[in-house]
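> Output the structure for:
(4 chains)
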2 protein chains.
Amino acid sequence: MNDAAASNSIGDNAFNNIRSDIIFGRLDAGAKLKLDALKARYGTSVSTLREALSRLTSEGFIVAEGQRGFFVSPMSEQDLREISDLRVLLESHAMKLSFEAGDTEWEGRVVAAHHKLSRMETRMAAGDFTVRETWKRYDWEFHQALILACGSQALLKSHGTVFDKYLRYQMRNLTYRGEMASQEHGALLDAALARDIDKAQALLAAHIEGGIEHSLRNAP
Amino acid sequence: MNDAAASNSIGDNAFNNIRSDIIFGRLDAGAKLKLDALKARYGTSVSTLREALSRLTSEGFIVAEGQRGFFVSPMSEQDLREISDLRVLLESHAMKLSFEAGDTEWEGRVVAAHHKLSRMETRMAAGDFTVRETWKRYDWEFHQALILACGSQALLKSHGTVFDKYLRYQMRNLTYRGEMASQEHGALLDAALARDIDKAQALLAAHIEGGIEHSLRNAP
DNA sequence: CTTGCGTCCAAAATCGATTATTTGCAAGAT
DNA sequence: ATCTTGCAAATAATCGATTTTGGACGCAAG
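Prediction:
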């Protein structure tokens, strides 16, 4: 999803493809990842493939068991709550720093990101599910924009990974929670421009809590 | 350091050794990591070696540049401040959860961890630098014990990585900051047993701030 | 003296083969 | 009938060889 590092090397491509396949559910949670099968699917040799799988293991999208191979990380309510809690923690903190440091240039990016997201929300609300992945990318870009002025690469990177883990849970929802989420995004935009961090943090916590509940009710 | 996952596979060994060599400064910040040289040093083939390096890249101890190879992640004041800020954020939050959930069993582990750390601090204060790595391991175990009851695997894992990145900066200090740090650990223990989270968080922030300042004054 | 091009070398990226481990199954014993 | 025990097939882990790439050097043209 994010931190794509769009490269042209075979290894990076495999990495990005597998990562995205996990996040968007094209590889099921808990599935066994057989090297021979993946080798064919992603067009690499085992060494290169294992490199990609190792990276994903370190990031937490895959678990590696001793001499028994790789598995897509399982999903659970417990894990969803842990991930969400972590996202709120990191994103709230980053918003605080960002709100304090952001200049007009930053405001511009936030407004632009919200506008794009808003457009997709309209289409989703109209029932056009073909833009599902684009919508989620813009959702990412909006939240990213809010914290972009935080000034900490380390924080942005941690947040990016946690965001994508949270996203995996959202992607398997069968229904659209749009109306509510859309309003929350709008309120978040207003709070950002008003530099009202307390309000923004409260909105974010509610936004994510809403996502959790929706996810628990609408996923297999 | 932590999350050793002590395995007997060649790859895991290489991973653990390289990781530890970076943290304890046996591999210099910014150093070029040539595959051939490392292959000899850690006794693996390039494929297995690259796997280990990839994992470390994902964790942030190594940076990979396009087709130009791997380098030990550079160190900077900026990075130290980002890492420290992140550590305070994660550890403060984890302490809060842990203080709320910890039972008597947990208290026992905290007391035990502090006792061991305290012993090493005495030896360090007496000038016995041979226990340097053991001392730091006990330091890790104490802080880990404080947050162990937080109930979130995700949080513990993130904290573990950040802790080790912070540790790398501490390991290149040439002098011992012990006296002060030792008192802070004692106060932290008291606050934990009294379940005084506000005090503990304040102590932790000061503890880490102290480490930063000491590091900036005593490192190359 | 600089700039551009071609060659060569060192190093990284990738591959397919080899070795080690696990697992499933079947035969024999209790 | 159930529990070992011992292959054999499947799969993971590791290796060394091959291909690709980036950078240094030298030479010639402007």
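> Okay, domains of chain A per the record?
What automatic domain parsing lists as the domains of chain A is A:10-72, A:77-218.
> Show me what the residue in chain A that DNA strand D sits nearest to bridges to in the sheet.
DNA strand D sits closest to residue A:69 of chain A, with a gap of 3.2 Å, by CB to the nearest atom of the strand. Heads up, the C-betas are built off the backbone N, CA and C, glycines and all. For residue A:69, the beta-bridge partners are residue A:65 (DSSP bridges).
> for it, what are its contacts?
Residue A:69 makes contact with A:32-35 under the criterion CB atoms under 8 Å, 6 or more residues apart in numbering or on different chains.
> 10 Å instead, please
Going by CB atoms under 10 Å, 6 or more residues apart in numbering or on different chains, residue A:69 touches A:32-35, A:53, A:63.
> Nearest to DNA strand C, out of the domains of chain A?
Once the domains of chain A are compared by CB to the nearest atom of the strand, domain A:10-72 is nearest, at 3.0 Å.
> Could you tell me the end-to-end distance of the closest one?
21 Å (CA to CA, to the nearest Å).
> and that domain with DNA strand C, contact?
Yes. Residues of domain A:10-72 contacting DNA strand C under CB under 7 Å from any atom of the strand: A:10-12, A:43-48, A:51, A:66-68.
> SS state for the residue lying farthest from the centre of chain A?
Distance to the chain centre peaks in chain A at residue A:67, reaching 30.4 Å (criterion: CA atoms, centre = their mean). At residue A:67 the chain is in coil, as set by DSSP: H, G, I helix; E, B strand; the rest coil.
> Leaving out chain neighbours, which residue sits closest to it?
residue B:9 (7.3 Å; CB to CB, 6 or more residues apart in numbering or on different chains).
> helix/strand/coil for residue A:81?
helix.
> Now do the SS call for the spatially most central residue of chain A.
Taking CA atoms, centre = their mean, the centroid of chain A lies closest to residue A:164, which sits 2.7 Å from it. Following three-state DSSP, residue A:164 is assigned to helix.
> doesn't residue A:23 make contact with it?
Yes. Counting by CB atoms under 10 Å, residue A:164 touches residue A:23, with 5.7 Å between them.
> which residues of chain A score low on pLDDT?
Scanning chain A for pLDDT under 70 picks out A:1-7, A:220.
> picking that back up, tell me the one of the residues of domain A:10-72 next to DNA strand C nearest chain B?
Ranked by distance to chain B (CB to the nearest CB), the residues of domain A:10-72 next to DNA strand C are led by residue A:47 at 4.0 Å.
> And for that closest one, the neighbour number?
Neighbour count for residue A:47, taken as other CB atoms under 10 Å in any protein chain shown: 14.
> and the gap between it and residue A:57?
Residue A:47 sits 15 Å away from residue A:57, going by CB to CB, to the nearest Å.
> thinking again about what came up before, could you double-check that the residue nearest to residue A:67 lies in contact with residue A:68?
No. Shown here, residue B:9 and residue A:68 do not form a contact pair, counting by CB under 10 Å, at 11.7 Å.
> Looking at those two, which one has more neighbours?
residue B:9 (12 against 8).
> Could you pull up the residues touching that one?
A:66-67, B:15, B:48.
> By neighbour count, which of the residues of domain A:10-72 next to DNA strand C wins?
Ranking the residues of domain A:10-72 next to DNA strand C using other CB under 10 Å puts residue A:51 first, with 25 neighbours.
> how about the helix or strand where that one lies: buried residues?
Counting by DSSP states H and E, the element that carries residue A:51 is helix A:46-59. When burial is assessed from 16 or more other CB atoms under 10 Å in any protein chain shown, helix A:46-59 yields the following buried residues: A:48-59.
> From the contact counts, what lies against that helix?
The contact analysis (3 or more CB pairs under 10 Å, 6 or more residues apart in numbering or on different chains; DSSP states H and E) places helix A:46-59 against helix A:10-23, strand A:32-33, helix A:35-42, strand A:62-65, strand A:69-72, helix A:153-171, helix B:10-23, helix B:46-59.
> Mean neighbour count, these: which tops it?
Most buried of the helices and strands packed on helix A:46-59, by mean neighbour count (mean count of other CB atoms under 10 Å in any protein chain shown): helix B:46-59, with a mean of 22.
> That one near DNA strand D at all?
Yes. Using CB under 7 Å from any atom of the strand, helix B:46-59 reaches DNA strand D at B:46-48, B:51.
> Quick check, residue A:167 in contact with residue A:24.
Yes. With contacts counted by CB under 10 Å, residue A:167 reaches residue A:24, the gap being 8.7 Å.
> that older thread, make CSV out of the domains of chain A and add distance to residue B:160.
Shown next, in CSV, are these (distance: least, CB to CB, whole Å):
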stretch, distance to residue B:160
domain A:10-72, 12
domain A:77-218, 13
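> need the residues of chain A near DNA strand D, please.
A:32-36, A:46-47, A:50, A:64, A:66-70.
> May I see those residues organised as TSV, with distance to residue B:190 added?
TSV is the format used below for the residues of chain A next to DNA strand D (distance: CB to CB, whole Å):
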residue	distance to residue B:190
A:32	49
A:33	48
A:34	53
A:35	52
A:36	57
A:46	54
A:47	53
A:50	48
A:64	41
A:66	42
A:67	46
A:68	45
A:69	47
A:70	45
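> Return the member of those residues nearest to residue A:122.
Nearest to residue A:122 among those, counting by CB to CB, is residue A:33 at 38.0 Å.
> dump the residue contacts of the residue nearest to that closest one when sequence neighbours are not counted.
Spatial nearest neighbour of residue A:33, chain neighbours left out: residue A:70 (4.2 Å); criterion: CB to CB, 6+ apart. With contacts defined as CB under 10 Å, 6+ apart, the neighbours of residue A:70 are A:18, A:31-35, A:38, A:49-50, A:53-54, A:56-57, A:62-64.
> from those residues, which is closest to residue A:130?
Nearest to residue A:130 among the contacts of residue A:70, with distances taken as CB to CB, is residue A:18, at 23.5 Å.
> State the helix or strand in which residue A:145 lies.
Applying DSSP H and E as the criterion places residue A:145 in helix A:132-147.
> distance between that helix and the chain's centre?
8 Å (CA atoms, centre = their mean, to the nearest Å).
> what does stretch A:119-139 give?
Remark: stretch A:119-139 is offset 15 Å from the chain centroid, using CA atoms, centre = their mean.
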